[in-house]
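[1] attaching a predicted model along with its sequence, questions to come.
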Amino acid sequence: MEKKEFDLHDVVEMKKPHPCGTNRWRIIRMGMDIRMKCEGCGHSVMLPRREFTRKLKKILEKHEE
């Protein structure tokens with residue numbers, strides 16, 4: 001399995017959509033846990049890094065500095 005490279009402020013797609021109907025999330029905090037914000041409704045969710053990498057489907061947009 002390939003290692004997915006994600007960074008702060010990247011937009012990612014998860015395997016399951018959010019209840020609001022959107023499947024786009026922006027990474028807003030990284031560490032042992034990853035906090036991401038729904039692009040549709042603005043709801044914020046924090047997941048342990050291991051669970052996040054397991055549920056990540058693909059990276060939609062890379063953040064440019």
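    Structure's in. What do you need?

[2] please count neighbours and contacts with C-alpha atoms only from this point.
    Fine.

[3] which SS class is residue 6?
    Secondary structure for residue 6, judged by DSSP: H, G, I helix; E, B strand; the rest coil, is coil.

[4] buried set for stretch 21-39?
    23-28, 30, 34-39 (16 or more other CA atoms under 10 Å).

[5] would you mind giving those as JSON lines with secondary structure and distance to residue 46 added?
    Shown next, in JSON lines, are the buried residues of stretch 21-39 (DSSP: H, G, I helix; E, B strand; the rest coil; distance: CA to CA, whole Å):
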{"residue": "23", "secondary structure": "coil", "distance to residue 46": "16"}
{"residue": "24", "secondary structure": "strand", "distance to residue 46": "15"}
{"residue": "25", "secondary structure": "strand", "distance to residue 46": "12"}
{"residue": "26", "secondary structure": "strand", "distance to residue 46": "12"}
{"residue": "27", "secondary structure": "strand", "distance to residue 46": "10"}
{"residue": "28", "secondary structure": "strand", "distance to residue 46": "10"}
{"residue": "30", "secondary structure": "coil", "distance to residue 46": "10"}
{"residue": "34", "secondary structure": "strand", "distance to residue 46": "6"}
{"residue": "35", "secondary structure": "strand", "distance to residue 46": "4"}
{"residue": "36", "secondary structure": "strand", "distance to residue 46": "6"}
{"residue": "37", "secondary structure": "strand", "distance to residue 46": "9"}
{"residue": "38", "secondary structure": "strand", "distance to residue 46": "11"}
{"residue": "39", "secondary structure": "coil", "distance to residue 46": "15"}
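
[6] from these, which two are the most distant?
    The largest separation in the buried residues of stretch 21-39, counting by CA to CA, is between 23 and 30 at 19.4 Å.

[7] residues contacting stretch 48-58, please?
    With CA atoms under 8 Å, 6 or more residues apart in numbering as the test, stretch 48-58 has contacts from 4, 12, 13, 14, 15, 16, 31, 32, 33, 34.

[8] one more time with 7 Å, if that's ok
    12, 13, 14, 15, 32, 33, 34 (CA atoms under 7 Å, 6 or more residues apart in numbering).

[9] what is the mean pLDDT for it?
    Over the span of stretch 48-58, the pLDDT mean works out to 93.
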